[in-house]
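Novice: What follows is a predicted protein model with its sequence.
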Amino acid sequence: MLLLSSQIFMFCMQKEVIKSRNKDLVELFEYGVGVHHAGMLRADRGLTERLFSDGLLKVESLFFL
């Protein structure tokens with residue numbers, strides 16, 4: 001049952017990821033890497049934060065300008 005729950009979760013997250021208009025960001029997500037900076041669209045920033053907090057991203061790079 002736990003496996004099914006995690007599969008459903010991953011499917012839902014994949015649907016959210018492919019909605020991003022930033023194709024470079026989507027490609028990074030496939031490798032477990034995300035970037036985060038103030039110049040990003042709010043939706044992409046929020047998605048990066050959720051993926052990282054859920055443990056789906058192993059590396060999150062923050063940029064400070």
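Specialist: Cool, the structure landed. Numbering: from 1, shown residues only.
Novice: Okay, now the unreliable bits of the protein?
Specialist: Within the chain, the stretches with pLDDT under 70 are 1-9, 12, 60, 62-65.
Novice: and with 90 instead?
Specialist: Within the chain, the segments meeting pLDDT under 90 span 1-23, 25-40, 47-65.
Novice: can you pull the contacts of V17?
Specialist: Listed by C-beta atoms under 8 Å, 6 or more residues apart in numbering, the contact partners of V17 are V26, F29, L47, L51. C-beta here means a position set from N, CA and C on the backbone, and glycine is covered the same way.
Novice: Likewise for M13?
Specialist: R50, L51, D54, L56.
Novice: let's go with 10 Å and repeat that
Specialist: By C-beta atoms under 10 Å, 6 or more residues apart in numbering, the residues touching M13 are F29, L47, R50, L51, D54, L56.
Novice: before we move on, back to that, just the contacts of V17: which are in helices?
Specialist: Here DSSP state H is the test, and these give V26, F29, L47, L51 as lying in helices.
Novice: May I have stretch 35-46 exported as PDB, CA atoms only?
Specialist: Provided in PDB are the C-alpha atoms of stretch 35-46 (Å, rounded to 0.1, in the frame of the first residue of the first chain):
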ATOM      1  CA  VAL A  35      17.500  26.000  -8.700                       C
ATOM      2  CA  HIS A  36      15.800  28.800  -6.700                       C
ATOM      3  CA  HIS A  37      16.100  32.500  -7.100                       C
ATOM      4  CA  ALA A  38      14.000  35.600  -6.900                       C
ATOM      5  CA  GLY A  39      13.900  36.100 -10.600                       C
ATOM      6  CA  MET A  40      12.000  32.900 -11.200                       C
ATOM      7  CA  LEU A  41       8.300  32.700 -11.800                       C
ATOM      8  CA  ARG A  42       6.500  32.200  -8.500                       C
ATOM      9  CA  ALA A  43       5.000  28.900  -9.600                       C
ATOM     10  CA  ASP A  44       8.500  27.500 -10.500                       C
ATOM     11  CA  ARG A  45       9.900  28.700  -7.200                       C
ATOM     12  CA  GLY A  46       7.100  27.100  -5.300                       C
END
